[in-house]
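Fold the stuff below for me.
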Amino acid sequence: SVPIRTGCEKAIEELIAWRQIRVADKDKLAEDWVVTLRNLLIGLSVCALVVVGFFSVFLARSITNPLSAITNFTAQLANGDFTQDPQASISQRKDEVGDLARGVQTMVMNVRTLLSGISGGVQTTASSSTELSAISEETSAGARESLNISNSVAAAAEEMSVNVASTSMGSPILVRLSRG
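Below you'll find the model as predicted:
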């Protein structure tokens, strides 16, 4: 019975040793899988961050570039240049930036209409001013002519007055001569 026990114990010990080797192999395999999965997750995370980064840059530029163009356009308007229109590609967008561009375009068209009306009024005023200036010049010329005529009449009246005075001074002499 002792040799059976020793043989059984030896077999059990071999089985336990074999089992420990298998468990160690499985632990090593599991550890390798954990490292592989960790590296895979890190790689996928980096790839996802790169894709999200590129998408973020694209999205930001798709918003900031049109807004920058509208800002430059409104700067031209602020400087008095109403000859330009917002870029058609921006006005045709179906988002808030497109709404903003269409609103600015409507404002520009209304200001152009207003400026056209003001320009027409200024032209009418300038034409009327030219006519009034010509009438004023004619009136001034007529007044100068009237002044010259008045001066001539005054000079003739003064000369007549002198002649009358001189005649009246000579009249007593004539009266005496005629009586005498």
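
How many neighbouring residues does Met107 have?
Using other CB atoms under 10 Å, Met107 is surrounded by 13 other residues. Every residue, glycine included, has its C-beta placed from N, CA and C.

And it, how far from Trp18?
87 Å (CB to CB, to the nearest Å).

same check, this time on Val111
With CB to CB as the criterion, Val111 and Trp18 are 93 Å apart.

Also Thr125?
Distance of Thr125 to Trp18, given as CB to CB: 113 Å.

swap in Gly117?
To Trp18, Gly117 is 103 Å away according to CB to CB.

go on, Ala101?
On the measure of CB to CB, Ala101 and Trp18 end up 78 Å apart.

Give me the longest helix you can find in the protein.
Longest helix in the chain, counting residues (DSSP state H): helix 96-179.

hey, which helix or strand in this structure has the poorest pLDDT?
Least confident element among the helices and strands of the chain, by mean pLDDT, DSSP states H and E: helix 96-179 (a mean of 82).

what about Ala101, neighbour count?
24.

How about the one 5 residues further on?
The number of residues packed around Thr106, counting by other CB under 10 Å, is 10.

does the residue nearest to the spatial centre of the chain sit in a helix, a strand or a coil?
Per CA atoms, centre = their mean, the C-alpha nearest to the average position across the chain is that of Thr74, at 0.5 Å. What DSSP: H, G, I helix; E, B strand; the rest coil gives for Thr74 is helix.

which one is it nearest to, not counting chain neighbours?
Sequence neighbours aside, Val104 is the residue nearest to Thr74 in space, at 6.6 Å (criterion: CB to CB, 6 or more residues apart in numbering).

tell me the mean pLDDT over the host helix or strand of Ser62?
If you go by DSSP states H and E, Ser62 is part of helix 2-78. In this model, helix 2-78 carries a mean pLDDT of 89.

what packs against it?
Contacts defined by 3 or more CB pairs under 8 Å, 6 or more residues apart in numbering; DSSP states H and E place helix 2-78 against helix 88-91, helix 96-179.

got the angle between that helix and helix 96-179?
Orientation of helix 2-78 against helix 96-179 (axes from the mean of the first three to the mean of the last three CA atoms, to 10 degrees) gives an angle of 10 degrees.

Please state the offset of helix 2-78 from the chain centre?
In terms of CA atoms, centre = their mean, to the nearest Å, the centre of helix 2-78 is set 50 Å apart from its chain centre.
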